[in-house]
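K.L.:
Take this sequence and fold it.
(chains A and B, ligands or ions: 1)
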Amino acid sequence: MSSMMNDPMILRQIIMDHGEHPRNHELSQDPTYKEKHMASDSCIDDIHVQAKIEDGKIDDVRFDGVACTISTSSTSIMSELLIGKTIEEAREIIKNYRAMIDEKPYDEDLLEEAVAFKNVGKQANRIHCATIGWDGMEALINESEEHHD
Amino acid sequence: MDVQKIREDFPMLKVKSKKGHDLIYFDNAATAFKPYSVIDAVTSYYTKYSVNAHRGDYELGFTVDTLYEEARERVAKFINCEKKEVVFTTGASFGLNQVAYGYAGHILQPGDVILTDEAEHASNYLPWMNIAEQKQAKLEFIPLDEHGMITPEKVREMMSDKVKIVAIAHVTNVLGAEIDIKEITRIVHEYGAIIVVDGAQSAPHMKVDMQDLDCDFFAFSGHKLCGPTGIGVLYGKYELLEVMEPLLLGGGSNARYDMCGNILMKNPPYKFEPGTPPIEATLGMKAAIDYIDNLGMENIHKYEHELRDYMLKKMQSELDNVEIYNANVESSIITFNVKDVFSQDAATYFSDQGISLRSGQHCAKLLMDVLKTPSTLRASLYFYNTKEEVDHFIEVCKSISKESMLDVFF
Ligand SMILES: Cc1ncc(COP(=O)(O)O)c(C=O)c1O
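P.N.:
Modelled structure (predicted):
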């Protein structure tokens, strides 16, 4: 996997694919889903992220909204990556994703397609685009844990 | 106009991007670069007469007082009004808020109507929304025509005896359309209402004449006409300034007060200027107005429109990957998108090539209703931009696609 995930052509394809055909890109009406509205104050991105979290496990993630390719694509990849994971596993993935964005050491096997965003720091003003959906998801995870205390 | 010579006056035009590209600045509607004469006026204040205004019991204080009031005089000449009708503010936003809270907030009765439109900048919309709510007045919208224009006919259709305030931009900031304020003012006055004009995008680009327009209030910012940030102007007809309440009180705006709560305010414009003003910015704005008038507003307007025309024709004839939204309006702005590329992704690509332009939602309703897109790119030109810059922009724009826009990340 590592060598393929170092090929810029492939990483580009991944971003484009998720940007054009975002997965889980429809909000649920089911009230057991919790929702976060993430509106960037510095750009256009304005998305809603939903998650269904039960018994410490992420059953589903959805999102929708007006957003650039980077945020649409990074949120789509996040949704695929985190569905079916336990909260603990999800936290580990989010932690590694953030490390990658901050150009610190990270475990690329955990991140799968999300490594496509490893260079987003080259355009510092776009970092928030690559993290907005992830921020929303992390907030939903935090809330789910608060409610179970 | 000798643009190459003009460019020598602007230190910012020598700045390179991180990758070493010449800076091509097409975000002039946001703010304009400053010529040396403005920068010198600002630093002169700090190096030669750095004391407070309106306190001049000594030689330097008197010097600053004189310069400060000369700046007011200069603004009055620039917009053709009386000196006492020129209120210094921190910018267009403050001026518009001052009128909304200090004037409208004072006269509006429940059921009265404030008329505005969906092409306004937040600074000429949110204050009205808020004061309407506070006063139980209604905020109504003048429908835009298919080009995003506000026409006198549409204003007339919306007028009634209930309308007390009409708040519109002279030039809109998304499309750059020039609105016929003179005719609209005539209609508004027929109904005994007052008109508040947001001049933030007109004052830098065209001759604005308060006598000719006959509007009641007119607000603009210094920084968009090559002046410093933090300074702007609110023009108001004197009898309206007299009834308007100041938003802020403090030193310098009262004539006297006692500890029993009696205050005697100074007359306008001073009652609106409490506290120490940004003196250096005020003197810098005067220098900016001198600079612009020296070039000649008509020359600036003509050059900008020629350049915009050149850019528009080139985009229409050489680019098949763009959609232009305001080709039909006269403007110094081009509002567009690159096909299949979200505006912000395109802006990053342009930026990587040294070209600064704005991506944004600007005003969601206008865009959705008239332009039918959630966001756009905006290239806004000024007199120091050149055909060579436009040519380079065209080449960069040619190379953007949904694939290549990701180059900037690899
Ligand atoms: C049409 C319009 N009105 C008002 C403003 C606000 O100006 P300022 O931020 O200088 O107060 C702007 C600035 O972008 C504008 O374009």
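K.L.:
my guess is B:Ser44 meets B:Leu283, correct?
P.N.:
Yes - here B:Ser44 reaches B:Leu283: they are 7.4 Å apart, a contact under Cβ atoms under 8 Å. To be clear about C-beta, it is placed using only N, CA and C from the backbone, and glycine gets the same treatment.
K.L.:
Looking at these two, which is more packed in?
P.N.:
Shown here are B:Ser44 and B:Leu283; by other Cβ atoms under 10 Å in any protein chain shown, B:Leu283 has more neighbours (27 against 16).
K.L.:
With adjacent residues omitted, what lies nearest to that one?
P.N.:
Closest residue in space to B:Leu283, ignoring its immediate chain neighbours: B:Ala41 at 4.9 Å, by Cβ to Cβ, 6 or more residues apart in numbering or on different chains.
K.L.:
One more: B:Gln4?
P.N.:
Computed as Cβ to Cβ, 6+ apart, the closest residue to B:Gln4 that is not its neighbour in sequence is B:Thr386, at 7.9 Å.
K.L.:
Could you pull up the residues touching that neighbour?
P.N.:
B:3-4, B:7, B:307 (Cβ atoms under 8 Å, 6 or more residues apart in numbering or on different chains).
K.L.:
got it, and A:Val115?
P.N.:
Contacts of A:Val115 (Cβ under 8 Å, 6+ apart): A:5, A:11, A:100, A:108.
K.L.:
again with B:Met311
P.N.:
Taking Cβ under 8 Å, 6+ apart as the definition, contacts of B:Met311 comprise B:334, B:379, B:381, B:390, B:393-394.
K.L.:
and B:Asp161, that's in a strand?
P.N.:
No - assigned with DSSP: H, G, I helix; E, B strand; the rest coil, B:Asp161 falls outside any strand and is coil.
K.L.:
Report how many residues lie close to it.
P.N.:
Neighbour number of B:Asp161 under other Cβ under 10 Å is 10.
K.L.:
can I assume it is in contact with B:Glu190?
P.N.:
No - in this structure, B:Asp161 is not within contact of B:Glu190 by Cβ under 8 Å, at 10.9 Å.
K.L.:
returning to what we had before: neighbour-wise, which of the contacts of B:Thr386 leads?
P.N.:
Neighbour max across those (other Cβ under 10 Å) = B:Leu307, 20 neighbours.
K.L.:
measure that one to chain A for me?
P.N.:
28 Å (Cβ to the nearest Cβ, to the nearest Å).
K.L.:
State the helix or strand in which that residue lies.
P.N.:
helix B:297-318 (DSSP states H and E).
K.L.:
what mean pLDDT does that helix have?
P.N.:
Mean per-residue pLDDT for helix B:297-318: 97.
K.L.:
Going along the chain from it, find the next helix or strand for me.
P.N.:
Using DSSP H and E, the first helix or strand after helix B:297-318 is strand B:322-324.
K.L.:
and that following strand, what other elements does it pack with?
P.N.:
The contact analysis (3 or more Cβ pairs under 8 Å, 6 or more residues apart in numbering or on different chains; DSSP states H and E) places strand B:322-324 against helix B:297-318, strand B:333-338.
K.L.:
could I get the ones you listed as CSV with distance to B:Met244?
P.N.:
Shown next, in CSV, are those (distance: least, Cβ to Cβ, whole Å):
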stretch, distance to B:Met244
helix B:297-318, 29
strand B:333-338, 32
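K.L.:
Measure how far the helix or strand encompassing A:Ala130 is from the centre of its chain, please.
P.N.:
According to DSSP H and E, A:Ala130 maps onto helix A:127-148. Relative to its chain's centre, helix A:127-148 lies at 9 Å (Cα atoms, centre = their mean, to the nearest Å).
K.L.:
contacts for that helix?
P.N.:
Applying Cβ under 8 Å, 6+ apart, the external contacts of helix A:127-148 come out as A:34-36, A:38, A:40, A:42-43, A:45, A:47, A:49-51, A:53, A:58, A:61, A:63, A:67-68, A:70-71, A:74-76, A:78-79, A:82, A:87, A:90-91, A:94, A:97-98, A:101, A:117, A:120-121, B:344.
K.L.:
just stretch B:244-264 next, same as before
P.N.:
Counting by Cβ under 8 Å, 6+ apart, B:54, B:97-99, B:101-103, B:105-106, B:236, B:265-266, B:268, B:270-276 sit against stretch B:244-264.
K.L.:
Which of those residues fall within helices?
P.N.:
B:97, B:105-106 (DSSP state H).
K.L.:
I'd like the residues you listed written out as CSV, with neighbour count added.
P.N.:
Formatted as CSV, these follow (neighbours: other Cβ atoms under 10 Å in any protein chain shown):
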residue, neighbour count
B:Asn97, 22
B:Gly105, 18
B:His106, 12
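K.L.:
any chance of these in CSV, with distance to chain A and pLDDT too?
P.N.:
Compiled in CSV, the ones in helices among the contacts of stretch B:244-264 are given as follows (distance: Cβ to the nearest Cβ, whole Å; pLDDT from 0 to 100):
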residue, distance to chain A, pLDDT
B:Asn97, 20, 98
B:Gly105, 28, 96
B:His106, 33, 93
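K.L.:
I'd like those residues laid out as a markdown table, including distance to the ligand.
P.N.:
Listed next are the ones in helices among the contacts of stretch B:244-264 as a markdown table, based on distance: Cβ to the nearest ligand atom, whole Å:
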| residue | distance to the ligand |
| --- | --- |
| B:Asn97 | 9 |
| B:Gly105 | 19 |
| B:His106 | 22 |
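K.L.:
on that earlier part again, mind listing which of the contacts of B:Thr386 are in strands?
P.N.:
Among the contacts of B:Thr386, no member falls in strands (DSSP state E).
K.L.:
From these, pick the one nearest B:Leu144.
P.N.:
B:Leu307 (26.0 Å; Cβ to Cβ).
K.L.:
Enumerate every residue touching that closest one.
P.N.:
By Cβ under 8 Å, 6+ apart, B:Leu307 lies in contact with B:332, B:381, B:385-387, B:390.
K.L.:
Quick one, grab the pLDDT at the one residue in the stretch 1-150 of chain B that gets nearest to chain A.
P.N.:
Residue of the stretch 1-150 of chain B nearest chain A, by Cβ to the nearest Cβ: B:Lys18 (10.2 Å). The confidence metric pLDDT takes the value 86 at B:Lys18.
K.L.:
doesn't it fall inside a strand?
P.N.:
No - applying three-state DSSP, one finds B:Lys18 to be coil, outside a strand.
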